[in-house]
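S.K.: have a look at this prediction, sequence included:
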Amino acid sequence: MPGLLLDTLNGQKSRQRPIWLMRQAGRYLPEYRELRANKGGFLELVYDCSAAAEVTIQPVRRFGMDGAILFSDILIVPHAMGQNLAFLAGEGPKLSPALVDHALSELEMVPERLAPIYRTVSLVRDQLGPETTLLGFAGSPWTVATYMVAGEGSRDQHVARSMAYRDPAAFQAIIDSIIEVTVDYLSGQITAGAEAIQLFDSWSGTLAPDEFERWVIGPNAAITAQIKIRHPDIPVIGFPKGAGAKLVSYVKETGIDAVGVDETVDPLWASHALPSDLPVQGNLDPLLLLAGNMELEKRATYILEAFADRPHIFNLGHGIDRHTPIAHVERLLATIRDWQG
């Protein structure tokens, strides 16, 4: 029998809310820090299938989460497309050559870099009970492209945004290549055992409306359509962080099965503006979970009540902060599980 999370993604409403947290497998957990210290760098850990599977399962084992999110990174796709990838201490990810001043044709595909991720998915699925939904994921093309073009992350994605205005044909070629690889990558995760997938568009909020339509909605719609052809029963969650009011057109035009909303979105507005049968995921501020004060339970209850009449998955508005105390997560889980509706 499918678990509560998968049932919710398929449109079922329940007084008991499923919960998982973005970046729930990671640095706030002491067991993760211990494993990371023994294994070395982040990328080495991602490509160590047994270790990555263990990291994926750690929050399920500790908290009983309803979903297990694959431990990996959105930049595995450009790595497989032929860019060099390194995670530097204190600097974040670096990709080379940066496509702002190098041609896409200079890259040579390395598809074998995807194989360990599929193996990790398979190992996790073998260890999870049927009550826990295994979530695969990929970065959405716009967000992945911002890293590929600049060679690193930035606060306003100005290098990629400028290229998209200056040379839209070249930028479209990058997006199209990311779409092609991402469809195969997600399909591989599903074949290996992922029961649902999430598309992370972490930087969609920096785009003007027309650019959002072209670089966020269009590519996500293309990926979703292809996944639906290959795997018609697999739910697709879209997460366009920073989309705000553009969530309405995003949901309507991409064909996703569920939408994640970030912490800047009023849950009451989202519940009224989005289709009543659409599962919504979110949207507690990760910094409120970090703070853990009296507002935590109050805000969590507000979110639960706002989404009471629709399928709802409790989650954060983005990834959990690395300094979040375990006790705060336990307090949030108790609030969600004790809520009577």
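M.R.: Sure, I can see it. Numbering: from 1, shown residues only.

S.K.: quickly note the distance from Gln189 to Leu114.
M.R.: Going from Gln189 to Leu114 by Cβ to Cβ, to the nearest Å gives 9 Å. To be clear about C-beta, it is placed using only N, CA and C from the backbone, and glycine gets the same treatment.

S.K.: so the nearest residue to Glu295 once chain neighbours are set aside is in which element?
M.R.: Nearest residue to Glu295, sequence neighbours excluded (Cβ to Cβ, 6 or more residues apart in numbering): Leu288, at 6.1 Å. According to DSSP states H and E, Leu288 maps onto helix 286-291.

S.K.: packing partners for that helix?
M.R.: Using 3 or more Cβ pairs under 8 Å, 6 or more residues apart in numbering; DSSP states H and E as the contact test, the elements touching helix 286-291 are helix 295-306, helix 326-338.

S.K.: correct me if wrong: the residue nearest to Glu295 contacts Arg299.
M.R.: Yes: with contact defined as Cβ atoms under 8 Å, Leu288 reaches Arg299; the gap is 5.9 Å.

S.K.: low-confidence ranges in the chain?
M.R.: 1 (pLDDT under 70).

S.K.: next one: the residue nearest to Leu296 when sequence neighbours are not counted from Glu263, what distance?
M.R.: Nearest non-adjacent residue to Leu296, counting by Cβ to Cβ, 6+ apart: Leu288, 5.7 Å away. Applying Cβ to Cβ, the value for Leu288 to Glu263 is 8 Å.

S.K.: deepest-packed of the helices and strands packed on helix 286-291, please.
M.R.: Stretch with highest mean neighbour count among these: helix 295-306 (a mean of 17; mean count of other Cβ atoms under 10 Å).

S.K.: which strands or helices does it pack on?
M.R.: helix 267-273, strand 280-284, helix 286-291, strand 312-316, helix 326-338.

S.K.: quick check: angle from it to strand 312-316?
M.R.: Here helix 295-306 runs at an angle of 150 degrees relative to strand 312-316 (axes from the mean of the first three to the mean of the last three Cα atoms, to 10 degrees).

S.K.: what sits up against helix 295-306?
M.R.: Here helix 295-306 makes contact (Cβ atoms under 8 Å, 6 or more residues apart in numbering) with 17, 266-268, 270-271, 282-285, 288-289, 312, 314, 328, 331-332, 335-336, 339, 341.

S.K.: state the helix or strand in which the residue nearest the centre of the chain lies.
M.R.: Nearest to the geometric centre of the chain sits Phe200, at 4.0 Å (Cα atoms, centre = their mean). Taking DSSP H and E as the definition, one finds Phe200 inside strand 196-201.

S.K.: using PDB, write out every CA atom in the helix or strand following that strand.
M.R.: Counting by DSSP H and E, the next helix or strand C-terminal to strand 196-201 is helix 209-212. Taking C-alpha atoms only, helix 209-212 is exported to PDB below (Å, rounded to 0.1, in the frame of the first residue of the first chain):
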ATOM      1  CA  PRO A 209       7.500  38.000 -16.200                       C
ATOM      2  CA  ASP A 210       8.300  37.300 -19.800                       C
ATOM      3  CA  GLU A 211      11.600  35.700 -18.900                       C
ATOM      4  CA  PHE A 212       9.900  33.600 -16.300                       C
END
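
S.K.: quick one: the next helix or strand after helix 209-212 to strand 196-201, angle?
M.R.: The first helix or strand that comes after helix 209-212 along the chain, using DSSP H and E, is helix 218-230. With the same axes, to 10 degrees defining the directions, helix 218-230 sits at 170 degrees from strand 196-201.

S.K.: so which elements touch helix 218-230?
M.R.: helix 141-150, helix 168-192, strand 196-201, strand 236-240, helix 247-254.

S.K.: how about those, which one is nearest Ala98?
M.R.: helix 141-150 (6.0 Å; Cβ to Cβ).

S.K.: which other helices and strands contact that closest one?
M.R.: helix 76-80, strand 92-96, helix 158-166, helix 168-192, strand 196-201, helix 218-230.

S.K.: quick one: Gln189 and Ile117 touch, right?
M.R.: Yes: between Gln189 and Ile117 there is a contact under Cβ under 8 Å: 6.9 Å.

S.K.: and for the two, which residues touch both?
M.R.: Leu70.

S.K.: helix, strand or coil for Gln16?
M.R.: coil (DSSP: H, G, I helix; E, B strand; the rest coil).

S.K.: phi, psi for it please.
M.R.: Dihedral angles of Gln16 (phi, psi; degrees, to the nearest 10) stand at phi -80, psi 120.

S.K.: need the contact list for the closest residue to it other than its chain neighbours.
M.R.: Nearest-residue entry for Gln16: Leu4, 6.4 Å, with adjacent residues in sequence omitted and distances by Cβ to Cβ, 6+ apart. Residues counted as contacts of Leu4 (Cβ under 8 Å, 6+ apart) are Ser14, Gln16, Pro18, Asp66, Glu131.
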